[in-house]
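Visitor: Let's see this in three dimensions:
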Amino acid sequence: MSRFTIPRDIYFEDNALEVLRSFEGKKAALVIGGGSVKRNGNLTRIQEHLAAANIETEVLEGYNTEPTDEMVKQGAKELESFQPDWIIGIGGGSAMDAAKAIWLFYEHPDLSFEDATKPFKLPRLRKKAKFAGIPTTSGSASEVSNLSVVADEKTNIKYPLADFELTPDIAIIDPVMIESLPKHIAAYTGMDAFTHTIESYVAKPRTMYTDILALGSAEVIKDNLLASYQGDQEAAKKMHSIQAMAGMAFANAVLGNVHSLAHKSGPTFNIPHGYANAIYLPYVIQFNRAVVEDRFAAIANRLGLKGETDAELTDALVEYIYQLNNDLGLATTLQEFGVSEEAFNEHLDTMAKNAMEDPCTSTNPRETTVEQMKNLYKASFYGQEALVKA
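Guide: Have a look, this model is predicted:
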């Protein structure tokens, strides 16, 4: 038996925020990142809509970096006196992931972080509050997914908290939230979404439902990501909606080694998550093509890339990603990003070991050893595809 779970309601396109006026409840905790959502007036707009529904609000802010277990437990503790019946995550992936984890520990204050990291073993939610997500970037799809990525404060290792209980009740995807999105953030959050389409299409738990979402999303992203990065507002609107559809695919098919590599190296080298995905993606395709080359070829066909055979089409897909990264101003190796060889070698063994334990590795289409994971890191550092083609 397969399962497909998404938010009960998804409101999108212009004026989607107005649905907040129909919310039923008494109090809402608004979890935000930095000050941009304040400066551009969107936080005030959200509060006014909730006030029209007679809902009192309290703002938890400062979640503009990837959340840690201590941060979210502290956030949950801050809600004990306010007792909200809605928790609303407003921001990029970090803010919404923090909001989900705060929700979890607000409802279950005695839950240990270690138990929370066990995939699909979370206790039931919604005894105290419901959850809504409002994205301010176009990539993470946390507003529709069953994941919250949180780092262990002591080890700085990221862990995806994964359970369908974490799937939001409502997603509100309003393009007004991205009107002032900086182009560099459009680049790496867009590559995060593109990675979601490719990894979910080849992941072990894939289904017909997720295949259709992944392929369709990949095509729309190809047609709009670069234009969005270059300032085309219509393309940006399409990216804002399609990233959520890519999220529906990966939330149900899960992901693979690209995300495992990114989760375990991003905090170490201070690489934004989507940027790390962009670097690792071509190398992981080269590694996985040994078992799913036909599926990479299908993606390439859908994107209109040229090739007669599965091998030629997969080559075309890899080359397209390299070119897209260049066009978006992104590095194509860790070394080019600015990671020193000394720092890379110092952390290589630990990163590879930790990546093996990431839940995304278990759903990667090709079984992976620690040595192969190390080679994926090395290939991505030096730009040597030969290290992973065997």
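Visitor: Around residue 27, how many other residues sit close by?
Guide: Around residue 27 sit 17 other residues, with neighbours defined as other CB atoms under 10 Å. Quick note: C-beta positions are derived from backbone N, CA and C, even for glycine.
Visitor: Enumerate every residue touching the nearest residue to it once chain neighbours are set aside.
Guide: In space, residue 27 comes closest to residue 84 once its chain neighbours are excluded; the distance is 4.3 Å by CB to CB, 6 or more residues apart in numbering. When contacts are counted by CB atoms under 8 Å, 6 or more residues apart in numbering, residue 84 is found next to 25, 27, 28, 29, 58, 128, 129.
Visitor: what two of those have the greatest distance between them?
Guide: Farthest apart among those by CB to CB are 58 and 128. That separation is 14.4 Å.
Visitor: low pLDDT regions in this protein?
Guide: Residues of the chain meeting the criterion pLDDT under 70: 390.
Visitor: Run through the strands of it in chain order.
Guide: Taking DSSP state E as the criterion, the chain carries its strands at 9-12, 27-32, 56-60, 86-91, 130-135, 147-151, 158-162, 170-173.
Visitor: residues of the last one that come out buried?
Guide: Meaning strand 170-173. Residues of strand 170-173 classed as buried: 170, 171, 172, 173 (neighbour count, 16 or more other CB atoms under 10 Å).
Visitor: who are the neighbours of that strand, in terms of helices and strands?
Guide: strand 9-12, strand 130-135, helix 233-253 (3 or more CB pairs under 8 Å, 6 or more residues apart in numbering; DSSP states H and E).
Visitor: out of those, nearest to residue 191?
Guide: Here helix 233-253 is closest among the helices and strands packed on strand 170-173 (CB to CB), at 10.7 Å.
Visitor: can you pull the buried residues of that closest one?
Guide: Residues of helix 233-253 classed as buried: 235-253 (neighbour count, 16+ other CB under 10 Å).
Visitor: And stretch 304-322, by the same measure?
Guide: Neighbour-count burial for stretch 304-322, counted by 16+ other CB under 10 Å, picks out 305, 310, 313, 314, 315, 316, 317, 318, 320, 321.
Visitor: Just the C-alphas of that stretch, formatted as CSV.
Guide: This file holds the C-alpha atoms of stretch 304-322, laid out as CSV (Å, rounded to 0.1, in the frame of the first residue of the first chain):
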residue,chain,number,x,y,z
GLY,A,304,13.5,19.0,-24.2
LEU,A,305,17.2,18.1,-24.0
LYS,A,306,18.9,16.3,-26.9
GLY,A,307,20.0,12.7,-27.0
GLU,A,308,19.3,9.5,-28.8
THR,A,309,20.0,7.0,-26.0
ASP,A,310,19.4,6.9,-22.3
ALA,A,311,23.2,7.5,-21.8
GLU,A,312,23.2,10.6,-24.1
LEU,A,313,20.1,12.0,-22.5
THR,A,314,21.5,11.6,-19.0
ASP,A,315,24.8,13.2,-20.1
ALA,A,316,22.7,16.1,-21.5
LEU,A,317,20.9,16.4,-18.1
VAL,A,318,24.2,16.7,-16.2
GLU,A,319,25.5,19.3,-18.6
TYR,A,320,22.3,21.3,-18.4
ILE,A,321,22.7,21.4,-14.6
TYR,A,322,26.3,22.6,-14.8
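Visitor: hang on, the earlier thing: among the buried residues of stretch 304-322, which one sits closest to residue 160?
Guide: Of the buried residues of stretch 304-322, the one sitting nearest to residue 160 (CB to CB) turns out to be residue 321, at 23.1 Å.
Visitor: my guess is the closest one meets residue 282, correct?
Guide: Yes. Using CB atoms under 8 Å, residue 321 is in contact with residue 282, at 4.9 Å.
Visitor: Give me the residue at the spatial middle of the protein.
Guide: residue 140 (3.2 Å; CA atoms, centre = their mean).
Visitor: With distance to residue 353 added, can I get the buried residues of strand 170-173 in JSON lines?
Guide: Supplementary listing: the buried residues of strand 170-173 in JSON lines, determined by distance: CB to CB, whole Å:
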{"residue": "170", "distance to residue 353": "39"}
{"residue": "171", "distance to residue 353": "35"}
{"residue": "172", "distance to residue 353": "39"}
{"residue": "173", "distance to residue 353": "37"}
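Visitor: Report the two of those residues separated the most.
Guide: 170 and 173, at 10.4 Å, using CB to CB across those.
Visitor: hey, what's in contact with both of those two?
Guide: Common neighbours of residue 170 and residue 173, using CB under 8 Å, 6+ apart, are 10, 11.
Visitor: Ignoring the adjacent residues along the chain, who's closest to residue 51?
Guide: Closest to residue 51 by CB to CB, 6+ apart is residue 57, at 7.7 Å.
Visitor: ok, now which ones touch the one you found?
Guide: 27, 28, 29, 30, 47, 50, 51 are the contacts of residue 57 under CB under 8 Å, 6+ apart.
Visitor: Now the buried members of those residues.
Guide: Those of these that meet the buried threshold are 27, 28, 29, 30, 47, 50, by 16+ other CB under 10 Å.
Visitor: which among those residues gets closest to residue 353?
Guide: Closest approach to residue 353 among the buried ones among the contacts of residue 57 (CB to CB): residue 29, at 36.9 Å.
Visitor: Can you name the residues bridging to that closest one?
Guide: As for beta bridges, residue 29 partners with residue 58, residue 87 under DSSP bridges.
Visitor: List phi and psi for the closest residue to residue 34 other than its chain neighbours.
Guide: Nearest non-adjacent residue to residue 34, counting by CB to CB, 6+ apart: residue 64, 3.8 Å away. Phi and psi for residue 64, reported as degrees, to the nearest 10, are phi -100, psi 0.
Visitor: my guess is residue 64 contacts residue 96, does it?
Guide: No. With contact defined as CB under 8 Å, residue 64 does not reach residue 96; the gap is 11.9 Å.
Visitor: more neighbours, the two?
Guide: Taking neighbours as other CB under 10 Å, residue 64 and residue 96 compare with residue 96 leading, 33 against 17.
Visitor: Contact partners for the more buried one?
Guide: Contacts of residue 96 (CB under 8 Å, 6+ apart): 31, 89, 90, 133, 135, 140, 142, 143.
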